[in-house]
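*Asks:* this one's structure only:
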């Protein structure tokens, strides 16, 4: 009896133990699952957020209506429709494309993805400020192929530059020549000879009338690209070679009669191309001046190997301030208004936006036209037979001209005071719009051999806005995008880095080149970027996705220079293989 009772008690106790253990395991599993879910919720607090309250603001800080509650998953295209509706742009012809920014970070995919990327800096429990900025109405297509290979130079091509209207192309080479090319036919128009050594700099005037070139011989030459002849006298004065050229902007002087040059001798000289002489010489740097920019507010900025950037008054030559911060040579500069100052009065189709016919005929010619109109009836009634004969002669002459294929003389734009005022007003309006993209300021970015960039507000203070670090080799080239939202920097560390144009915040890195990157250029709509490299290739990038869209091989050696035409149709590149290549879609 005792043995049976003991066995039953042991079995019941073991049963209770197993039930207790199973209940404990279930509790632990439930508890563990709860802990896991709570941790997951802590890791992704945005998972259950369905809507947020946003306040749309313009880049000038003006609020667009009242705050709105919108879905958290709203995309960029849906926000474009919403902003157009808020602005009353309902018709398809009136709608504009917009880009959106939260804390200087662009919304590329959806608002939720951008807020998740920003982390704790943005709270969904408060109103989110979204800045909208109009983009270019036109869209530039990515270049995908080499349409023309243009020989002609016998030494390396060191500089390429499209004219502001996009109709002509200039190239400077180590063979001491400057060549002007027709971009439509990819054929040479003129070969400009006269320099005695390498041509190191080429610059078009903003009105597309003049072409300046500077060489290792220390000379500055002004050319007429319509005739291929030297304009005026050769400009002597520098003791060493020319490093950079910059024209006076048209919003300051619509006649484009002054150009600045920098030199290895440490000076900057301002030349009057009408008088053919130096009107101001700016000295103050203690080493070679590597780069200069002429701003739209009447200031000249110069970067030097003495590790400083100096700000000068262009009208008097007075030194305003010296910007210090770099620990090595300052190689390159770019202004937030560079693109607007370069293109002058021209739009993306090469048009000036000014009705030229209003200014061609002077009042006397208009009166003569009126008199001719009064006599029209007499001429028709009395000389009908003579007119028929004259018309027949004109037709025959036109046929002869077509057979001879004689090139027509290029039309000359008027130089009347009224026309110049209209052009200056147009350029000033474009300049003000460019300033609005950076809060009403003309910002300057500099790149140096100390691997860093500095962002400045040089017209107002000598203290930098931000110090941009990340490159691991010297910064060779920097360039603002046309809409001033991005800064692209090219470095010897084989990479291109993107920065926010207003704050200098790092946006991303473009990797793909296997050797040093020499130059970059932006498309006119700021949606694409092309880089040239020592590895003999060009690459076309999408700055939003940070990915390479097209790889462009073709050159046989290093690619020193690259430029994108203002009309967005073509890219030109030149390098050590002595040839130019035209790239198109």
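*Replies:* That came through fine. Owing to the predicted nature of the structure, the values given are computational and were not obtained by experimental measurement.
*Asks:* centroid residue for the protein?
*Replies:* Taking C-alpha atoms, centre = their mean as the criterion, residue 481 is the residue nearest the geometric centre of the chain, at 3.0 Å.
*Asks:* so who does that residue touch?
*Replies:* Residue 481 makes contact with 339, 487, 488, 501, 522, 526, 529, 543, according to C-beta atoms under 8 Å, 6 or more residues apart in numbering. Where C-beta positions appear, they are placed from N, C-alpha and C, glycine not excepted.
*Asks:* Which stretches in the stretch 101-250 of the chain count as helices?
*Replies:* 111-118 (DSSP state H, counting those that start in this stretch).
*Asks:* First-to-last residue distance for stretch 577-585?
*Replies:* Criterion C-alpha to C-alpha, to the nearest Å; first-to-last residue distance in stretch 577-585 is 23 Å.
*Asks:* list the buried ones in that stretch?
*Replies:* Residues of stretch 577-585 classed as buried: 577, 578, 579, 580, 581, 582, 583 (neighbour count, 16 or more other C-beta atoms under 10 Å).
*Asks:* Go through the contacts of residue 481 and give me the one with the most neighbours.
*Replies:* residue 488 (28 neighbours; other C-beta atoms under 10 Å).
*Asks:* Test my guess that that residue contacts residue 482.
*Replies:* No. At 11.6 Å, residue 488 does not count as touching residue 482 under the criterion of C-beta atoms under 8 Å.
*Asks:* Look up how far residue 488 lies from residue 547.
*Replies:* Distance, residue 547 to residue 488, using C-beta to C-beta, to the nearest Å: 15 Å.
*Asks:* Out of the contacts of residue 481, which is nearest to residue 282?
*Replies:* Nearest to residue 282 among the contacts of residue 481: residue 339, at 25.1 Å, using C-beta to C-beta.
*Asks:* For residue 192, give me its contacts.
*Replies:* 177, 178, 179, 180, 211, 213, 221, 223, 228, 230.
*Asks:* These, buried ones only, as a ChimeraX selection?
*Replies:* The command below creates a ChimeraX selection of those among the contacts of residue 192 that count as buried (16+ other C-beta under 10 Å):
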select :177,178,179,180,211,213,221,223,228
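*Asks:* about what we covered before: overlap in contacts of residue 488 and residue 482?
*Replies:* residue 522.
*Asks:* Just the element for residue 541, please.
*Replies:* strand 538-542 (DSSP states H and E).
*Asks:* Can you list the helices and strands that that strand packs against?
*Replies:* With contacts taken as 3 or more C-beta pairs under 8 Å, 6 or more residues apart in numbering; DSSP states H and E, strand 538-542 sits against strand 529-533, strand 547-552.
*Asks:* Just checking: what are the partner strands of the last one?
*Replies:* Which is strand 547-552. strand 538-542 (antiparallel) (DSSP bridges).
*Asks:* Also the shortest one?
*Replies:* In its sheet, strand 529-533 lies beside strand 517-522 (antiparallel), strand 538-542 (antiparallel), with partners assigned from DSSP bridges.
*Asks:* Point out the most buried one among the ones you listed.
*Replies:* strand 517-522 (a mean of 23; mean count of other C-beta atoms under 10 Å).
*Asks:* my read: residue 132 touches residue 82, true?
*Replies:* No. Contact criterion C-beta under 8 Å: residue 132 and residue 82 do not qualify, at 9.6 Å.
*Asks:* Mind checking which of the two has more residues around it?
*Replies:* When neighbours are counted by other C-beta under 10 Å, residue 132 and residue 82 differ, and residue 132 comes out ahead with 23 against 18.
*Asks:* To what extent is residue 505 buried, counted in neighbours?
*Replies:* A total of 15 residues lie near residue 505 under the criterion other C-beta under 10 Å.
*Asks:* which ones are touching residue 518?
*Replies:* 476, 477, 490, 532, 533, 534, 558, 559, 560, 561.
*Asks:* what does residue 509 give?
*Replies:* Going by C-beta under 8 Å, 6+ apart, residue 509 touches 470, 495, 496, 497, 498, 546.
*Asks:* which one among the buried residues of stretch 577-585 gets closest to residue 461?
*Replies:* residue 583 (41.0 Å).
*Asks:* Distance-wise, check residue 267 relative to residue 46.
*Replies:* 58 Å.
*Asks:* Neighbour count for these two, which is higher?
*Replies:* Neighbours around residue 267 and residue 46, counted as other C-beta under 10 Å, are more numerous at residue 267. The numbers are 21 against 12.
*Asks:* Next one: that one, what pLDDT does it get?
*Replies:* The score at residue 267 is 96. That number is its pLDDT.
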